[in-house]
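**Student:** let's see this in three dimensions:
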Amino acid sequence: MRTLVLALLLLRFAAAQTGGIHGSVVDARGGEALANIQIQLAGTAYRTTSDGGGHFSLAGIAPGDYTLNVSTVGYHMEKHAFHLDAGETKEFSIVLTPDTLRQTETVEAKADPFETARGDSPDAITLAGNDAKNLGSVLADDPLRAVQSLPGITSNNDFEARFSLRGADFSRIGLYLDGILLHEPFHMLQGEGTTTGSASAFNGDMVEEMEMHEGAFPVRFEDRDAGVLDVETRDGSRDSTIFRAAASASNAGFMAEGPLGRRAKGKAKGSWLVAVRKSYLQYILARTFPDASLVFGLEDVQARLAYDLSAKNTLTFSVLESYSNLDRSSDKQNLGINSVMEAGYHYTLTNLGWRYTPTTKLLIVNHAAWMREKYNDSSPTPLPLAGGYYGEWVWNSTATWMWSEQAPLEAGFSVRRIRNQDFSDTYNTAAGAPRVLDHADGTAIRLGGYLQQSWSGWSGRLKFTAGARWDDQSIDLVSTVSPAASASLGLTKTTRLQFGWGEYAQYPEISVLLSPLGNRALLPERSIHAIAAVDQKLGGRSRLRAEFYNRADRDMLFQPFYDPRILNGKIFTPPSNPLWYNSMRGYSRGAEIFLQRSSANRFTGWVSYAYGHTMYGDSISVQRFPSDYDQRHSVSVYGGYRLRPTVNLSMHVSYGSGMPIPGYLRQVGAVGTTYFLASGRDQTRFPSYGRADFRVNKAWMHAKWKLTLYGEVINITDRSNYVFESFDSFNSKTGQAYITIDKTFPVLPSAGTVVEW
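**Tutor:** A predicted model of the protein is given here:
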C-alpha cells in the first residue's frame with residue numbers, strides 16, 4: 001500500500017513539474033483556421049496535428065528550451081524558439097503563409113474570399129497561392145498557364161503561355177506587372193512566324209496574386225480593349241533569411257530572400273528577393289517532337305527590393321532580365337534559305353515605385369519604368385531574316401482620396417515614350433539581295449489620364465463605380481475618351497447582382513502605323529463591354545456565379561487581302577503588300593457558369609462551363625466569319641485536396657470545342673491530311689481539345705529545412721490534340737493548300753523537387 005501511495009505521489013509531483021503548449025494556426029491569406037497541420041517540437045517525440053478549428057495542444061512537456069515547428073505541404077515553415085519552466089503553459093498564435101507568398105506574421109483581413117483587392121471590377125477572378133502553383137504545372141512552372149484554366153479563357157496550344165479571351169487574341173489583353181503595362185514579357189522567338197511557343201519571363205514563385213478582369217474593367221487600365229490580367233509580385237521576407245533551390249526535368253532555379261535594415265525594435269525596414277531560373281525544356285521537346293523548330297532554351301533573373309524610408313514613404317525597385325535562344329545548326333543541311341537557324345530574344349524590365357501616404361485619407365503611388373526587347377533571326381547562310389528593337393519609358397502616377405471609407409476618389413496620369421524599329425526580309429538565292437517584307441522605324445508619345453469615383457452604402461450591399469479616361473498618341477493624333485460604370489446590389493446576405501458597362505480603346509502598334517503596309521491615319525480599335533451577373537454564396541467559402549456578356553468591337557485592324565482564297569470561282573493570289581485597314585467589326589456574346597470553393601483546408605477548386613460566339617465582318621471583302629479564336633463551348637474542372645499534413649493532390653481537366661483553322665481552307669479527309677482553298681474564312685475547325693493533368697505534392701519537414709517533391713502527369717489519357725503552326729504555300733492551279741499542323745503534348749510525366757531552408 002505504501003508503495004502505491006508513493007508511486008502516486010511521485011506521478012503527481014512529476015506532472016506538476018511538466019508543462020504544456022496550446023494555440024491555433026491560421027492562414028495568412030484571409031485568416032482561415034487551418035486544420036490537419038503538423039505541430040512538433042524539433043528533436044523530440046512531441047508532435048500533434050491541429051483540429052478542424054485550427055487548435056492544437058501538447059501536454060507533459062519537461063522544462064527546457066525548445067523550437068516549435070509548424071508546417072504543412074504548400075506552406076512556409078514557421079519556427080518559434082521558446083523556454084518552458086516547470087508547470088508552465090504557453091500559448092501560440094501561428095500564421096502560416098503559402099509558399100508562393102511573402103512569409104509574414106500578420107493576417108490579411110478578408111471577409112469575402114472572392115472579393116478582389118479594390119472591389120471596383122464587376123467581372124474579375126483572383127488566382128493566388130497553391131492553386132496558382134498547382135495549375136502552373138511542374139513541367140512549365142508558368143503562372144500564365146494557371147490563368148488558362150479560368151472560365152472565359154481559352155488556349156488549345158500546350159506550347160503557349162499566351163491565351164485568348166472571349167474570342168480575342170492575347171494582343172488585346174493587357175498584362176500588367178506591378179502597375180506597368182507590359183509589351184511582350186515572354187520567352188519566345190519574336191519575328192519568326194512559323195515557330196510557336198512561349199513562356200512567361202517572370203518567375204511564378206515571385207507572384208503574389210493575379211486578377212483576371214474579363215469584361216467591363218476599371219478605367220485605370222489603358223490601351224487594351226478586350227481584358228486585363230493584373231499581376232502583383234511579392235516582397236521578400238522581413239522576418240528571416242530564406243533560401244530555396246528547385247530542380248526538375250525541365251528547369252532549375254534558386255531563390256533567396258530576407259530582411260533589409262533594422263528598426264529600433266528589431267523589425268526590418270525593408271526586404272530583398274532574388275530569383276534565377278534556367279530551363280532545360282528544350283531537351284524534353286527534342287525527344288518528344290522531331291520538329292527542331294520547337295527546341296529553344298531560356299533563362300532569367302528577377303530581383304525586388306522594398307524599403308521604408310519612413311512610416312509614410314516606401315520605395316520599391318525591381319528588375320527582370322530574360323533571354324531566349326534557338327540554335328538549329330545541327331540540322332543545317334535540312335534548312336531552306338529562308339529558314340531560321342539561329343534566333344535570340346532579350347527582354348529587360350526595371351520598375352522604380354514610390355508609395356506615399358501623407359495623411360490617412362490620401363495615397364499617392366508613382367512608378368517609373370523602362371522596358372526593352374531585342375530580337376534577331378538569321379538563316380543558315382547566314383543572312384538576316386528579321387530583327388527588331390522595342391523600348392519604352394513609362395511614368396505613371398495615381399492618387400486616391402478617401403472622402404470617407406465608403407467613397408474613394410481615384411485619379412491617375414501616365415506618359416509613355418515608345419521606340420520601335422524592326423524589319424523582316426526574304427531571299428531568292430543565298431547570294432541575292434534581300435526582298436523587304438516589312439519594316440518600321442519610329443517613336444511615339446502616348447498620354448493618358450483617368451478619374452474614377454466609387455461609393456458604397458446600405459451596409460455594403462450597394463456599390464457603385466463610375467469613371468472615364470482620356471488617351472492620346474502622337475503619331476495618328478487621335479484622342480479618345482472612354483467612360484465606364486459598374487454597380488453591385490446585394491439582394492440578400494448571400495445573393496448579389498452585378499452589372500458593368502464600359503468603352504475601351506487600343507492604339508495600333510508603331511510597327512503597323514509606320515509600316516509600308518499601314519499608315520499614320522489608322523484609328524484606335526474600340527470595344528464596348530456589357531456584363532450582368534448573379535453571385536450566390538453557398539456557405540462562407542463557396543459560391544455559384546452565372547454571367548452574361550456582350551462585347552461590340554469596331555475599327556478592328558485587318559488585312560483583307562492577306563490570305564489566298566477562292567474568289568468568284570477563281571483562285572485569288574494575295575498581293576505582295578496586303579495593307580492594313582480599320583475594316584473589321586463584330587461582337588462576342590456568351591454566358592458562363594462558375595461553381596467555386598476557395599479554402600485552405602481539404603478541398604479547393606471549381607467547375608466552370610462557358611459558351612461563347614465571336615463573329616466579325618469585313619467591310620472591304622464584304623464577308624462575315626468567326627474569330628480565329630472562336631470557341632463555342634469550354635469546360636474547366638480543377639480540384640486540390642490536402643490529404644495529409646505532408647501530401648496534397650490536385651487534378652485539372654479541360655475541354656474545348658474545336659477552334660477554326662485560320663484562313664480560307666477546306667479540309668478533305670482527316671485532320672492534318674489534305675486541304676484546299678475555300679471561299680469562306682475560318683469555316684474549317686479542329687477537333688475538340690481535351691486534357692487531364694494529375695499532380696501530387698509530398699513534403700518532408702525537418703528541424704531546419706523542408707523538402708518538397710512534385711510529381712505530375714500531363715494528358716494522362718494520351719489524347720491527341722492539334723494546333724495550327726503555319727500556312728506554307730498553295731498550288732495556284734489546283735487550289736490545294738499546304739499547311740503545318742502539330743500535335744500537342746502526349747502523355748508526359750514530370751517531376752521536380754524544392755528544398756527550403
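
**Student:** how close does the residue nearest in space to the middle of the chain get to residue 363?
**Tutor:** When the chain is reduced to its mean C-alpha position, the closest residue under C-alpha atoms, centre = their mean turns out to be residue 144, at 3.3 Å. Taking C-beta to C-beta, to the nearest Å as the measure, residue 144 falls 29 Å from residue 363. (Each C-beta comes from the backbone N, C-alpha and C, glycine too.)

**Student:** is residue 496 bridged to anything, and to what?
**Tutor:** Applying DSSP bridges to residue 496 yields these beta-bridge partners: residue 490, residue 535.

**Student:** count the residues that sit near it.
**Tutor:** Counted with other C-beta atoms under 10 Å, residues neighbouring residue 496 total 20.

**Student:** chain neighbours aside, what residue packs nearest to residue 555?
**Tutor:** Leaving out its chain neighbours, the residue that sits closest to residue 555 by C-beta to C-beta, 6 or more residues apart in numbering is residue 582, at 4.2 Å.

**Student:** pretty sure the one you found is touching residue 559, no?
**Tutor:** No. In this structure, residue 582 is not within contact of residue 559 by C-beta atoms under 8 Å, at 11.5 Å.

**Student:** pLDDT weak spots in this structure?
**Tutor:** 1-16, 108-111, 189-196, 263-266, 281-296, 429-433 (pLDDT under 70).

**Student:** so how far is residue 98 from the residue lying closest to residue 318 once chain neighbours are set aside?
**Tutor:** Nearest residue to residue 318, sequence neighbours excluded (C-beta to C-beta, 6+ apart): residue 304, at 4.3 Å. With distances defined as C-beta to C-beta, the gap from residue 304 to residue 98 amounts to 18 Å.

**Student:** please apply the same query to residue 54.
**Tutor:** Distance check for residue 54 against residue 98: by C-beta to C-beta, it reads 16 Å.

**Student:** now residue 186
**Tutor:** Distance from residue 186 to residue 98, counting by C-beta to C-beta: 25 Å.

**Student:** neighbour count: those two, which is higher?
**Tutor:** Residue environment comparison for residue 186 versus residue 98 gives the larger neighbour count to residue 186, 27 against 21, counting by other C-beta under 10 Å.

**Student:** where exactly do the strands run in the stretch 451-600 of the chain?
**Tutor:** Listed from the start of the chain, the stretch 451-600 of the chain has strands (DSSP state E, counting those that start in this stretch) covering 462-473, 479-490, 495-506, 525-537, 542-558, 565-567, 570-572, 581-597.

**Student:** now the angle between strand 542-558 and the third one, please.
**Tutor:** Same thing as strand 495-506. Here strand 495-506 runs at an angle of 20 degrees relative to strand 542-558 (axes from the mean of the first three to the mean of the last three C-alpha atoms, to 10 degrees).

**Student:** same deal with the second one?
**Tutor:** Strand 479-490 and strand 542-558 meet at an angle of 160 degrees, taking the same axes, to 10 degrees as the criterion.

**Student:** returning to what we had before: now the residue nearest to the centre of the chain. Nearest residue, chain neighbours left out?
**Tutor:** Using C-beta to C-beta, 6+ apart and skipping the chain neighbours, the partner closest in space to residue 144 is residue 161 (4.1 Å).

**Student:** who touches the closest residue to residue 126 other than its chain neighbours in this structure?
**Tutor:** The shortest distance from residue 126 to any non-neighbouring residue, by C-beta to C-beta, 6+ apart, is to residue 211 (5.4 Å). Residues near residue 211 by C-beta atoms under 8 Å, 6 or more residues apart in numbering: 116-117, 121, 124-127, 229-230.

**Student:** what about the residue nearest to residue 90 when sequence neighbours are not counted, distance to residue 653?
**Tutor:** Once flanking residues are discounted, residue 90 sits nearest to residue 21: 4.9 Å by C-beta to C-beta, 6+ apart. Between residue 21 and residue 653 the distance, using C-beta to C-beta, works out to 43 Å.

**Student:** show me what the helix or strand harbouring residue 322 is packed against.
**Tutor:** Secondary structure assigned from DSSP states H and E places residue 322 in strand 313-327. With contacts defined as 3 or more C-beta pairs under 8 Å, 6 or more residues apart in numbering; DSSP states H and E, strand 313-327 has these neighbours: strand 186-188, strand 296-308, strand 342-359.

**Student:** coming back round to it: the residue nearest to residue 90: neighbouring residues, count only.
**Tutor:** Counted by other C-beta under 10 Å, the residues lying close to residue 21 total 23.

**Student:** again, but for residue 711
**Tutor:** Applying other C-beta under 10 Å, we find 15 other residues in the vicinity of residue 711.

**Student:** contact partners for it?
**Tutor:** Applying C-beta under 8 Å, 6+ apart, the residues contacting residue 711 are 138, 695-696, 698, 749-751.

**Student:** same question for residue 268.
**Tutor:** Listed by C-beta under 8 Å, 6+ apart, the contact set of residue 268 reads 238-239, 259-262.

**Student:** can you tell me which of those comes closest to residue 411?
**Tutor:** Distances from residue 411 to the contacts of residue 268, taken as C-beta to C-beta, are shortest for residue 238 (31.1 Å).

**Student:** pretty sure the closest one contacts residue 259?
**Tutor:** Yes. Taking C-beta under 8 Å as the contact criterion, residue 238 and residue 259 are neighbours in contact, 4.9 Å apart.

**Student:** which of these two has more residues huddled nearby?
**Tutor:** When residue 238 is set against residue 259 and neighbours are counted by other C-beta under 10 Å, the residue ahead is residue 238, at 23 against 18.

**Student:** distance of the more buried one relative to residue 106?
**Tutor:** 10 Å.

**Student:** which residues are common contacts for the two?
**Tutor:** Both residue 238 and residue 106 lack any common contacting residue under the criterion C-beta under 8 Å, 6+ apart.

**Student:** can you pull the phi and psi angles for the closest residue in space to residue 506 that isn't next to it in sequence?
**Tutor:** For residue 506, the nearest residue in space outside its immediate sequence neighbours is residue 225; the separation is 4.2 Å by C-beta to C-beta, 6+ apart. Backbone dihedrals for residue 225, given as degrees, to the nearest 10, come out at phi -120, psi 0.
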